[in-house]
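Enquirer: any chance you can model this:
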Amino acid sequence: MSHATEHAAVPAQSASAEPTSRERLRIILVLGALIALGPLTIDMYLPALPSIVDDLNSTPAAVQLTLTGTLIGLALGQLVIGPLSDIVGRRLPLIVGTAVHILASILCVIAPNVAILGLFRGLQGLGAAAAAVVAMAVVRDLFTGRAAATVLSRLMLVMGVAPVLAPSIGGGILLAGSWRWVFGALTILGIGLLVLAAFALPESLPPERRRSRGVMPIVRTYGGLLRDGQFVVLVLVAALSMSALFAYIAGSSFVLQEEFGLNEQEFAIVFSLGAIALIGASQLNVILLGHFTPVRIVIGALSVAVAAALAMTVIALAGVGGILGFLVPLWFVLAAVGFVMPNAPALALSRHGEAAGTAAALLGAAQFGSGAIVAPIVGVLGNDNVAVSVTMVVVSAIALVALIAVTIKTNRAGRSSSNASITKSTSTESSVTESSVTESASTPAAAGTGQHR
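Expert: So this is what the prediction gives:
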């Protein structure tokens, strides 16, 4: 069989093995449960941050580093586990990763100080990364075309709902016990997902479709992605928009509970309202895509984010408006992020379809990595509404400027290429015309010479 025939055969085999409607529903439920592990791990303990400060005799900035540890684990985990699952299959990294999450959750329950807690939270993030990466990879293995888009839409809905429910679940647990109970609940959740992965999710990547072993092929793929300047800028835009979200996640519990006096349950409700703004915008984005390009939507959304964050900063510095002066512009920023989050990654990944898995891992790592950087910055700036709003202004403005710059550069390159094509075409036509004229002029002479002879 030829090389081209082998490549043609793979999609056909994949398509013929596409799950039935009943199997698709089962797979969506299993993958949805797996992909929710990351948001639940990040957000369930947010209402407990102030109580962790008191219980461990620490500072708000130090406790925020436990969130940073989780995000670092998620970022590094995606870079490693994504390519690894292409080599050894999906089930082994998933089962090992979920087991690591369970162990880390147990260790968080007994953490004696904030430094140890931060270390174990990083291990938790590493385990949760396996669930997120493998869930997305399984979709690529089993579904194609419209079926794949449908399954991904359902999973994105889970990704939106899980952060809404997580603080409420955490707040409910805190009514019955201490912050350590939250990690006990995450332990139970991890055990349930481990059983689910072991018995309800078959291997989706057969050995003949796995990539060759070795570090250098992975390194070369990452190197090729990083040499693409436009891809890097688009990843930066996606990461910075996620940073605005993580600035809110990192500082919200301190701002809303300590600065504005909400209790843990009230905080969970207000946090949910912000998440609803983000989810609503992401659903409205589907309609806007029928009228505008993704680039225009992202530029418009980032412009709104910068304006709203600036308004929030001015209100915070003036000390007016109360909690609504913080929340109303904040909801505009979160809605703007809801428009950016689906579009910026799509623009970035569209440039490298031949390495979509590795590109997605790099994108995810950049998003969670930027969140890991932003979270302690909010703490250093004071963990108040000014710190949150200033951070949002900076990251949104950088993303907007970067995207406008790469758009202008791309448009100029497109016009230059178009002009070059026109010039080349005109030159070719001129050469053809001159050749035709010369040929037509010389032919009679040649004919005449022949007749004379």
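Enquirer: quick check: what element follows the helix or strand that contains residue 341 along the chain?
Expert: Following DSSP states H and E, one finds residue 341 within helix 322-349. Later in the chain than helix 322-349, the nearest helix or strand by DSSP H and E is helix 356-380.
Enquirer: helix 322-349 and that next one, what's the angle between them?
Expert: 150 degrees (axes from the mean of the first three to the mean of the last three Cα atoms, to 10 degrees).
Enquirer: which helices and strands does helix 356-380 pack with?
Expert: Here helix 356-380 touches helix 60-88, helix 114-142, helix 216-226, helix 229-254, helix 322-349, helix 385-452, going by 3 or more Cβ pairs under 8 Å, 6 or more residues apart in numbering; DSSP states H and E. Where you see a C-beta, it was placed from the backbone N, CA and C, and this is true even at glycine.
Enquirer: which of the residues in the second one are buried?
Expert: Neighbour-count burial for helix 114-142 flags 114, 117-142 (criterion: 16 or more other Cβ atoms under 10 Å).
Enquirer: how distant is it from the center of its chain?
Expert: Put simply, helix 114-142 sits 13 Å off its chain's centre (Cα atoms, centre = their mean, to the nearest Å).
Enquirer: which helices and strands sit right next to it?
Expert: helix 21-35, helix 37-43, helix 60-88, helix 91-109, helix 145-176, helix 179-200, helix 356-380.
Enquirer: so the first one versus helix 91-109, what angle?
Expert: Taking the same axes, to 10 degrees, helix 21-35 and helix 91-109 form an angle of 40 degrees between their directions.
Enquirer: then helix 21-35 to PDB, C-alphas only?
Expert: Output of helix 21-35 as PDB, limited to C-alpha atoms (Å, rounded to 0.1, in the frame of the first residue of the first chain):
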ATOM      1  CA  SER A  21     -26.300   7.800  19.100                       C
ATOM      2  CA  ARG A  22     -26.600   5.800  22.300                       C
ATOM      3  CA  GLU A  23     -22.900   5.300  22.500                       C
ATOM      4  CA  ARG A  24     -22.300   9.000  21.800                       C
ATOM      5  CA  LEU A  25     -24.600   9.900  24.700                       C
ATOM      6  CA  ARG A  26     -22.600   7.600  27.000                       C
ATOM      7  CA  ILE A  27     -19.300   9.000  25.800                       C
ATOM      8  CA  ILE A  28     -20.500  12.600  26.300                       C
ATOM      9  CA  LEU A  29     -21.600  11.900  29.800                       C
ATOM     10  CA  VAL A  30     -18.300  10.200  30.700                       C
ATOM     11  CA  LEU A  31     -16.100  12.900  29.000                       C
ATOM     12  CA  GLY A  32     -18.300  15.700  30.500                       C
ATOM     13  CA  ALA A  33     -17.600  14.300  34.000                       C
ATOM     14  CA  LEU A  34     -13.900  14.100  33.300                       C
ATOM     15  CA  ILE A  35     -13.600  17.500  31.800                       C
END
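Enquirer: low-scoring pLDDT stretches of this protein, where are they?
Expert: By pLDDT under 70, the low-scoring segments of the chain are 1-19, 144-150, 152-153, 156-157, 160, 212, 349, 352-357, 414-453.
Enquirer: contact partners for residue 361?
Expert: 78-79, 81-83, 133 (Cβ atoms under 8 Å, 6 or more residues apart in numbering).
Enquirer: now those residues as TSV including distance to residue 52?
Expert: Formatted as TSV, these follow (distance: Cβ to Cβ, whole Å):
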residue	distance to residue 52
78	26
79	29
81	28
82	31
83	35
133	29
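Enquirer: nearest to residue 48, of these?
Expert: residue 78 (26.0 Å; Cβ to Cβ).
Enquirer: test my guess that the closest one contacts residue 366.
Expert: No - with contacts counted by Cβ atoms under 8 Å, residue 78 stays clear of residue 366, the gap being 9.5 Å.
Enquirer: and those two? Which one has more around it.
Expert: residue 78 (28 against 22; other Cβ atoms under 10 Å).
Enquirer: residue 226 - nearest residue in space that isn't next to it in sequence?
Expert: Computed as Cβ to Cβ, 6 or more residues apart in numbering, the closest residue to residue 226 that is not its neighbour in sequence is residue 232, at 6.4 Å.
Enquirer: do the same with residue 250
Expert: In space, residue 250 is closest to residue 375, 3.9 Å off (Cβ to Cβ, 6+ apart).
Enquirer: which residues touch that neighbour?
Expert: 64-65, 67-68, 71, 246-247, 249-250.
Enquirer: how much space separates it from residue 248?
Expert: 10 Å (Cβ to Cβ, to the nearest Å).
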